[in-house]
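Novice: This is the structure alone, sequence omitted:
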Ligand code: NAD
Ligand code: UDX
């Protein structure tokens, strides 16, 4: 089965970069990425390729190469579905904010809308691929909708979860540790569909790195991978608090532990807490699934990863207040970094939002600088929490375009995203312009403590 036309529904952090890389590597396949968000599609089509809506190192060059050749961005969802042999569903699956499973389960309404739209439009057989992260057994629901409301068209449903991390998306897509494809491998038609997708990835990925499984294993593996990764961060963050009270250093502990080849050195960086659109959402979903099967202990075990992460964000902010003589009311605090990690403009679930909210509740005045996040986004993140009115957020929070300016006359600086440029700042100049004592709180362990203390900072790093 040769695939000529692909449609990807959802032009977000996954759909956009993933399709750009497939388009670059498979110039003979036409790919149309569609979205109902007109603004987003307009940005993807911006003649100035640096203005595409997602910042990822290396992405704009790939889009520049493929866009208009075999990569297209459009709001005409019906047309793209109609023309496609293969449809990736890459829409958002956020945590439900209403009804049964509120605050825990994944909200599948966008997925279901896609399925119904495909069923309505499709006139020939199609391979439908779950690219979004979904609860195990969602494929069964998808198939049910497609088979029962369709036009007699035959569908093969594959699960092909995405493992890219933001900030390194392009590299992760070009050289993935593995690609996972779940399909109905018991039937010939199912195997054909799986092989069609394997062939696409095999254009640039060694075949031994392309794993094929049944659909349920593939769906569950994605949730499992994110749970294991987040668990490592919560584990080292739990140790960071123990380090602070015992005089151990969490980086030294991480290095010693990570040298054990069974544990490995990656993902042991202690921080102010993990953020991003995936970890919390996917673990909550896992906990919900376990509870719905009555697996209480399994659910409680994974829920603790989230509890630890919330604690880490809260205790970082509480420590700031306590260190600054138990009050930050009316004090200017500079926040360096708003994105949930470096090299992305994504702020979803960023620890910075929660730290800022905590400090605002203590009546601090906040000035934020982030190299890639817009003022509009920062206010929208704070407004979304609903802790105070939009006006109150705009009164208490200022967003600036320069780190030095952010720190002028500040009582304290909180470094919350590990952007490389923060290492190179003129910290002496920052110190000179701050009120004294000048407090510096490093939530990422990015800065060298001795040098900062020598300048005169009251320096605090997580896990030290
Ligand atoms: P996103 O919010 O950036 O993008 C999703 C897009 O889908 C939005 O632009 C939205 O407008 C669009 N959309 C929603 N419903 C639609 C519909 N019916 N028709 C057309 N467009 C529609 O989300 P994302 O970060 O790209 O994540 C997408 C999925 O991939 C989620 O399930 C997520 O868990 C998973 N995932 C994300 C990452 C990541 O790093 N962000 C990594 C791996 C997996
Ligand atoms: C994650 C998974 O890594 C990826 O495989 C999946 O597809 C999507 O979810 P992402 O959230 O984009 O990717 O970034 P990731 O690098 O995993 O970082 C998540 C959060 O954990 C960030 O806030 C990061 O700063 C934090 N983190 C990560 C730590 O605090 N310490 C670490 O050692 C690693």
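Specialist: Received, thanks. Quantities reported herein were computed from a predicted structural model and do not represent experimental measurements. Ligands and ions are numbered 1, 2, ... in the order given.
Novice: Residue numbers of the stretch 101-250 of the chain in contact with ligand 1?
Specialist: Proximity of the stretch 101-250 of the chain to ligand 1 (Cβ under 6 Å from any ligand atom) is limited to residues 110, 113-114, 132-133, 162, 164, 166. From N, CA and C alone the C-beta is placed, and that goes for glycine too.
Novice: Which secondary structure state does residue 366 sit in?
Specialist: Secondary structure, DSSP: H, G, I helix; E, B strand; the rest coil: residue 366 is strand.
Novice: just the residues of the stretch 101-250 of the chain next to ligand 1 now: which is nearest ligand 2?
Specialist: Ligand 2 has its nearest neighbour among those in residue 166, at 3.6 Å by Cβ to the nearest ligand atom.
Novice: quick one: the closest one from residue 74, how far?
Specialist: Going from residue 166 to residue 74 by Cβ to Cβ, to the nearest Å gives 24 Å.
Novice: now do residue 341
Specialist: Distance from residue 341 to residue 74, counting by Cβ to Cβ: 30 Å.
Novice: The two: which is more packed in?
Specialist: Neighbours per residue (other Cβ atoms under 10 Å) separate residue 341 from residue 74, with residue 341 holding more: 21 against 16.
Novice: Show me which residues of the stretch 251-400 of the chain sit near ligand 2.
Specialist: So the stretch 251-400 of the chain meets ligand 2 at 267-269, 271, 274-276, 278-279, 340-341 (Cβ under 6 Å from any ligand atom).
Novice: can you do 5 Å?
Specialist: 267, 269, 271, 274-276, 278, 340-341 (Cβ under 5 Å from any ligand atom).
Novice: now those residues as JSON lines including pLDDT?
Specialist: JSON lines is the format used below for those (pLDDT from 0 to 100):
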{"residue": "267", "pLDDT": "98"}
{"residue": "269", "pLDDT": "98"}
{"residue": "271", "pLDDT": "98"}
{"residue": "274", "pLDDT": "98"}
{"residue": "275", "pLDDT": "98"}
{"residue": "276", "pLDDT": "97"}
{"residue": "278", "pLDDT": "97"}
{"residue": "340", "pLDDT": "98"}
{"residue": "341", "pLDDT": "97"}
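Novice: Which members of these additionally contact ligand 1?
Specialist: Within these, nothing lies near ligand 1 by Cβ under 5 Å from any ligand atom.
Novice: So which of those is the closest to ligand 1?
Specialist: Looking at these and their distance to ligand 1, the nearest is residue 278, at 5.2 Å (Cβ to the nearest ligand atom).
Novice: And that closest one, how far from residue 303?
Specialist: 16 Å.
Novice: related to what we said a few turns ago, going by neighbour count, which of the residues of the stretch 101-250 of the chain next to ligand 1 comes out on top?
Specialist: When neighbours are counted by other Cβ under 10 Å, residue 132 leads those with 26 neighbours.
Novice: Wait, that one touches residue 108, no?
Specialist: No - judged on Cβ atoms under 8 Å, residue 132 makes no contact with residue 108 at a distance of 9.2 Å.
Novice: Now list whatever residues contact both of these two.
Specialist: Common neighbours of residue 132 and residue 108 (criterion: Cβ atoms under 8 Å, 6 or more residues apart in numbering): residue 93.
Novice: Now the stretch 1-150 of the chain against ligand 1: closest residue?
Specialist: At 1.9 Å from ligand 1, residue 12 is the closest residue in the stretch 1-150 of the chain, using Cβ to the nearest ligand atom.
Novice: And that residue, what's its pLDDT?
Specialist: On pLDDT, residue 12 comes in at 97.
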